[in-house]
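Trainee: please work out how this folds:
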Amino acid sequence: MIAPCAVPQTRAADRQWYVVRTKARKEDFAVQQLEQRGVRVFLPRILEYARDQIAPLFPGYLFVHIALAEQYYRVVWTPGVRSFIAFGAVPTPVHESVIGLIAASAGDEGVIRPLAPFKRGDRVQIRSGPLAGLVAVIEQPCSQRGRVKILLDFLRQGASVELPVALVDRV
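Mentor: Now for the predicted structure:
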């Protein structure tokens with residue numbers, strides 16, 4: 001009697017993280033399909049500040065932890081998956097520390113919650129442009145267009161100005 005062929009087990013050390021490109025807005029579907037195939041998946045999410053919605057941190061991409069030689073086709077033929085990200089012919093692994101850093105930022109529930117950049121009444125200094133160096137007060141926090149409305153005390157006159165949030169720093 002011939003013994004059945006043993007399937008080699010991959011050690012955890014043989015597995016690496018890779019970036020997979022998904023079909024447009026199909027990240028959740030791809031995660032579900034990959035997990036059904038026994039693939040470890042990491043889809044980092046972020047709370048979008050201006051919209052109060054949770055969305056993928058990297059829209060259209062997710063991370064898989066696999067032994068490439070054994071699981072390449074299992075991943076690439078999964079519904080919702082387009083391809084691996086590769087610089088050359090072979091998919092490029094992502095260092096474990098990068099995944100660790102993102103996962104640590106995501107917290108227990110797996111969602112990165114960025115701090116609101118500014119709130120009404122915060123004192124800020126304009127970083128660059130014609131008003132560089134002036135100190136102002138936030139009148140209206142960050143809009144969906146990424147702009148803040150500030151109140152300047154300019155020559156004893158209150159002037160309201162709208163600027164890109166990147167041009168102001170907390171004082």
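Trainee: which residue lies nearest the spatial centre of the protein?
Mentor: Leu57 (2.2 Å; Cα atoms, centre = their mean).
Trainee: how about it, what does it touch?
Mentor: Listed by Cβ atoms under 8 Å, 6 or more residues apart in numbering, the contact set of Leu57 reads Pro44, Arg45, Ile46, Ile102, Ile112. (Glycine included, C-beta is placed from N, CA and C.)
Trainee: state the helix or strand in which Ile102 lies.
Mentor: Using DSSP states H and E, the element containing Ile102 is helix 96-106.
Trainee: which strands or helices does that helix pack on?
Mentor: Counting contacts by 3 or more Cβ pairs under 8 Å, 6 or more residues apart in numbering; DSSP states H and E, helix 96-106 is packed against strand 16-22, strand 40-42, strand 111-112.
Trainee: report the buried residues of stretch 16-33.
Mentor: Within stretch 16-33, the residues that count as buried by 16 or more other Cβ atoms under 10 Å are Gln16, Trp17, Tyr18, Val19, Val20, Thr22, Lys26, Glu27, Ala30, Val31, Gln33.
Trainee: ok, the fourth one to Pro164 distance?
Mentor: Distance from Val19 to Pro164, counting by Cβ to Cβ, to the nearest Å: 30 Å.
Trainee: next: the fifth one.
Mentor: Between Val20 and Pro164 the distance, using Cβ to Cβ, works out to 33 Å.
Trainee: where do the strands of this protein begin and end?
Mentor: In the chain, the segments counted as strands under DSSP state E are 16-22, 40-42, 45-48, 53-56, 61-66, 81-84, 93-94, 111-112, 123-126, 135-140, 147-154, 157-164, 168-170.
Trainee: perfect, I'm done here.
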